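Visitor: sequence first, then the predicted structure, then my questions.
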Amino acid sequence: MVFTRAPLGNVRIELAKHMQSVYFSTGQVFIDMTCGGGGHTRKILETVPNVKIYGLDRDPVAFERGVRLQFEYPDSFFPMLGKFSELPSLVKSQEIPEVDGVLFDLGCSSMQFEDPRRGFGLSQDGPLDMRMDGNRFPDQPTAAEIIAHIDEERLARILKYYGEEKKAKKIARAIVEARYLFKGLKTTNELASLIESALDNETRLDKLSRPTHAATKTFQAIRIFVNNEMNELNRGIEVAYEILKPGGKLVVLTFHSLEDRIVKRHLTGIDMDEPVSRTISQKYRNAASWHEPMDIDSIFDRKWNVVTKHVVAPSFNDTLINPRCRSAKLRCATKNVEVVK
Ligand SMILES: C[S@@+](CC[C@H](N)C(=O)[O-])C[C@H]1O[C@@H](n2cnc3c(N)ncnc32)[C@H](O)[C@@H]1O
């Protein structure tokens with residue numbers, strides 16, 4: 001079974017199970033949308049004969065890794081530098097054939113977290129950068145530039161929605177005040193200690209409900225904003241649908257509830273722009289007559305057949321061994337053949 005080596009316990013095992021039908025049929029084409037350090041891709045290349053993998057990543061450092069991997073597998077691995085939203089043009093320029101499987105392993109890679117020069121992590125000091133694309137887009141602001149200029153109310157909203165931070169207003173106020181008191185925040189340590197001191201007088205209960213560093217949620221929120229991650233994911237699932245062949249498989253591994261919500265909404269077919277209740281009641285109103293039995297599939301446009309009826313999450317033991325996997329969730333679906341135009 002593939003992937004069991006990676007530290008995600010039963011989530012990785014389930015991932016392997018769901019992807020096996022794709023990987024172990026030889027001669028298939030597959031896109032690793034988040035190639036990162038190449039962990040998944042390498043494992044597939046090692047275990048599946050005659051497979052073709054295109055490895056996408058927006059991070060130039062990950063792409064360089066991919067180029068090195070290609071020396072080992074020149075006929076079966078093809079690295080691509082780009083974001084999910086750039087994939088349609090890459091597919092055209094590289095003449096990628098119909099795709100059998102697509103994998104997303106969302107969030108940051110350990111490579112990104114552990115390099116202090118990238119500014120993603122809290123454990124070592126470094127510049128507040130957080131751009132996954134590195135210097136690919138010279139106009140893209142860094143985390144330091146964003147928190148130096150954004151207005152307080154908007155910052156608080158970002159922390160609340162992207163970080164699910166309960167003390168968003170307080171932290172936003174402290175960050176804005178730091179512009180005048182300390183001439184701004186330039187490094188990860190400066191931002192982390194500012195947040196720690198802003199939350200110093202949290203109640204014991206508040207502290208207990210925070211299993212991680214006081215700044216973790218703020219860092220997550222700012223990173224999501226810097227990289228436009230939610231829009232990218234939304235577009236990424238649409239692109240996956242466009243490039244998969246009918247019956248092709250989508251596997252998504254998410255690490256926080258915002259990501260998972262977006263994936264769930266796509267897979268269940270609920271209109272992304274409408275509140276769930278309104279979508280359902282509109283479809284009822286459109287039904288031919290009130291006493292006609294309602295086919296549940298007609299409520300939603302079923303673009304995907306969900307394979308994982310229940311989301312796959314790590315077991316308690318997995319989280320003891322690897323606390324970083326505690327929020328991982330895996331969902332799998334196949335492209336619905338019937339609604340293909
Ligand atoms: C969790 S890591 C993947 C690790 C990889 N599965 C492995 O085994 O080494 C996520 C990767 O996705 C990339 N990524 C995140 N958002 C992306 C996007 N919108 N387009 C392309 N790559 C993205 C990040 O740069 C990061 O390298």
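Guide: Alright, I've got the coordinates. Residues are numbered from 1 along each chain as shown.

Visitor: quick one, phi psi at the residue most central in space within the chain?
Guide: With distances taken as CA atoms, centre = their mean, L106 lies nearest the centre of the chain, 2.8 Å away. L106 adopts backbone torsions of phi -80, psi 170, taken as degrees, to the nearest 10.

Visitor: that one: what's it in contact with?
Guide: T34, E229, L233, V252, L253, T254, F255, E259 (CB atoms under 8 Å, 6 or more residues apart in numbering). Every residue, glycine included, has its C-beta placed from N, CA and C.

Visitor: residue ranges in the stretch 201-341 of the chain under the pLDDT threshold?
Guide: Within the stretch 201-341 of the chain, the ranges that satisfy pLDDT under 70 run 202-211, 270-301, 338-341.

Visitor: so which bits of it are right by the ligand?
Guide: By CB under 6 Å from any ligand atom, the part of the stretch 201-341 of the chain that sits against the ligand consists of E232, G236.

Visitor: what's the end-to-end length of stretch 77-88?
Guide: 19 Å (CA to CA, to the nearest Å).

Visitor: and it, how far out from the chain middle?
Guide: 15 Å (CA atoms, centre = their mean, to the nearest Å).

Visitor: Provide the contact partners of that stretch at residue level.
Guide: 31, 33, 35, 41, 45, 52-58, 60, 63, 66-67, 69-70, 90, 94, 133, 136, 231-233, 235-236, 239, 242-243.

Visitor: how about 7 Å then?
Guide: 33, 35, 41, 45, 53-58, 60, 63, 66-67, 69-70, 90, 94, 232, 235-236, 239, 242 (CB atoms under 7 Å, 6 or more residues apart in numbering).

Visitor: what count of nearby residues applies to the nearest residue to F182 once chain neighbours are set aside?
Guide: The spatially closest residue to F182, leaving aside those adjacent along the chain, is E190, at 7.4 Å (CB to CB, 6 or more residues apart in numbering). Look at E190: counted by other CB atoms under 10 Å, it has 16 neighbours.

Visitor: so which helix or strand takes in E190?
Guide: According to DSSP states H and E, E190 maps onto helix 188-198.

Visitor: what packs against that helix?
Guide: Packing partners of helix 188-198 (3 or more CB pairs under 7 Å, 6 or more residues apart in numbering; DSSP states H and E): helix 168-181.

Visitor: can I get the helix it packs on in PDB? Just the C-alpha atoms.
Guide: C-alpha atoms of helix 168-181 as PDB (Å, rounded to 0.1, in the frame of the first residue of the first chain):
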ATOM      1  CA  ALA A 168      -9.500  39.200  15.900                       C
ATOM      2  CA  LYS A 169     -10.300  42.800  16.900                       C
ATOM      3  CA  LYS A 170      -7.800  42.900  19.700                       C
ATOM      4  CA  ILE A 171      -5.000  41.500  17.600                       C
ATOM      5  CA  ALA A 172      -5.800  43.800  14.700                       C
ATOM      6  CA  ARG A 173      -5.700  46.800  17.000                       C
ATOM      7  CA  ALA A 174      -2.300  45.700  18.400                       C
ATOM      8  CA  ILE A 175      -0.900  45.200  14.900                       C
ATOM      9  CA  VAL A 176      -2.100  48.700  13.800                       C
ATOM     10  CA  GLU A 177      -0.800  50.300  16.900                       C
ATOM     11  CA  ALA A 178       2.600  48.700  16.300                       C
ATOM     12  CA  ARG A 179       2.900  50.800  13.100                       C
ATOM     13  CA  TYR A 180       3.300  53.900  15.400                       C
ATOM     14  CA  LEU A 181       4.900  52.400  18.500                       C
END
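
Visitor: quick one: mean pLDDT over it.
Guide: Helix 168-181 shows a mean pLDDT of 93.

Visitor: how about the strands of the protein, start to end?
Guide: 29-32, 52-57, 77-81, 99-105, 244-254, 304-306, 329-335 (DSSP state E).
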